[in-house]
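Asker: what shape does this take:
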Amino acid sequence: MTERPHALFAMSAENVPLVFPPGVLARLRESLDIDPAAVAEDFTDPRLADRLARTEILVTGWGCPRLEGAVLDAAPKLRAVLHSAGSVKGIVTPELWRRGIVVSSAATANAVPVAEYTLAMILLAGKDVLAARDRLRSERVHPGWGLVPGIGNLGRRVGVIGASRIGRRVIELLRPFDLVPALADPYVDTAGAAALGVPLLPLDDLLRTSDVVTVHAPATEETRHLIGARELALMPDGAVLVNTARGALLDHDALIAELRTGRLSAILDVTDPEPLPPDSPLYDLPNAVITPHLAGSQGNEAARLGLTVTQEAERLVAGEEPAYPVDPTALAREA
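Answerer: Got it, this is the predicted structure:
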């Protein structure tokens, strides 16, 4: 049997059994010599020095320290970093790229539950389910049987901001429904949007013409407060804003002011700041639904991330290129 490459987990130790449950861990260990009991939460831990010196592949995740030059000096055999989460911005450094170390991310796998959450919220919002549930709980009076005007998902227009992994997945999930999606993204041309099966619109036009706007852009200096008072004013009466990306993409002061008019509704899985302070008006506004950053991989969904890393490890051991490499030149405009 070919000797397995030495590997080391670098993440919060409590996350290892969640991301790599027994079946996934067993498969990973068929490719890598890795010990789930040895986890690097601090690369300066002297107990890990010998293991780090032998490490060829780092399996990273939430809680991984930054891969600075001193860490890389302590791991001279390191040739690949397999990240069992989404963005690698918090752990990668220029020195990593200078040394030619391959980096792979499970961001594509993490996009799946975020897109599913988004789809669920779009459909629920279209039927006014969340607000109706709150009204029924508060009033304890059934409104009676019969058709309810002003709701429904037939022909509802959905504006997707950002053709990110998640944005693209949302577009794909919308296809079976009688919804009308459109896209706004400055990095996508008309042909690219056509390949996704959606029209490409300027952001202002998308906001003016959408019943639901769902945000999937990266959080960068350029996109901070991408949606502010001017943009919110463009949205039609009764429109719903969904944000599962990053809270900083929305100007929360402007959003609160708009929500107080009752003209729009918002579904926010991310906020700015995060978490919100206890006295935030968003908690009490009846047209705001706040969830605690749970759209991404949770519970048994975390195993999808571990499986993605396991498959990447199998490719590397077989001498193949990773399926989900991180392009350092594209990091500036990614989440």
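
Asker: so what's Val81 up against?
Answerer: Ile57, Leu58, Thr60, Leu67, Val88, Ile91, Val92, Leu96, Ile101, Val102, Val103, Ser104 (Cβ atoms under 8 Å, 6 or more residues apart in numbering). Quick note: C-beta positions are derived from backbone N, CA and C, even for glycine.

Asker: kindly recompute the last result at 10 Å.
Answerer: Going by Cβ atoms under 10 Å, 6 or more residues apart in numbering, Val81 touches 10, 57-60, 64, 67, 88, 91-92, 96, 101-105, 326.

Asker: pretty sure it sits in a strand.
Answerer: Yes - Val81 forms part of a strand when assessed by DSSP: H, G, I helix; E, B strand; the rest coil.

Asker: how far away is the closest residue to Leu241 other than its chain neighbours from Asp284?
Answerer: Closest residue to Leu241 apart from its sequence neighbours, by Cβ to Cβ, 6 or more residues apart in numbering: Ala266 at 4.7 Å. Counting by Cβ to Cβ, to the nearest Å, the separation of Ala266 from Asp284 is 13 Å.

Asker: what number of residues lie near Arg230?
Answerer: By the measure other Cβ atoms under 10 Å, the count of residues near Arg230 is 11.

Asker: quickly list what Ala80 is bridged to.
Answerer: When assigned by DSSP bridges, Ala80 has beta-bridge partners Ile57, Val102.

Asker: against Gly319, how distant is it?
Answerer: Ala80 is 12 Å from Gly319, where distance means Cβ to Cβ.

Asker: neighbour count: the two, which is higher?
Answerer: When neighbours are counted by other Cβ under 10 Å, Ala80 and Gly319 differ, and Ala80 comes out ahead with 20 against 6.

Asker: from Arg208, how far off is the more buried one?
Answerer: Ala80 is 46 Å from Arg208, by Cβ to Cβ.

Asker: which other helices and strands does the helix with the most length in the chain contact?
Answerer: As assigned by DSSP state H, the longest helix anywhere in the chain is helix 107-126. In terms of contacts (3 or more Cβ pairs under 10 Å, 6 or more residues apart in numbering; DSSP states H and E), helix 107-126 is packed against helix 129-139, strand 157-161, helix 165-174, strand 212-215, strand 240-243, strand 265-268, strand 288-290, helix 302-317.

Asker: can you rerun that using 8 Å?
Answerer: Helix 107-126 is packed against helix 165-174, strand 212-215, strand 240-243, strand 265-268, helix 302-317, with contacts defined by 3 or more Cβ pairs under 8 Å, 6 or more residues apart in numbering; DSSP states H and E.

Asker: residues near Glu221, how many?
Answerer: By other Cβ under 10 Å, neighbour count at Glu221 equals 7.

Asker: and it, what's its pLDDT?
Answerer: Listed pLDDT for Glu221 reads 91.
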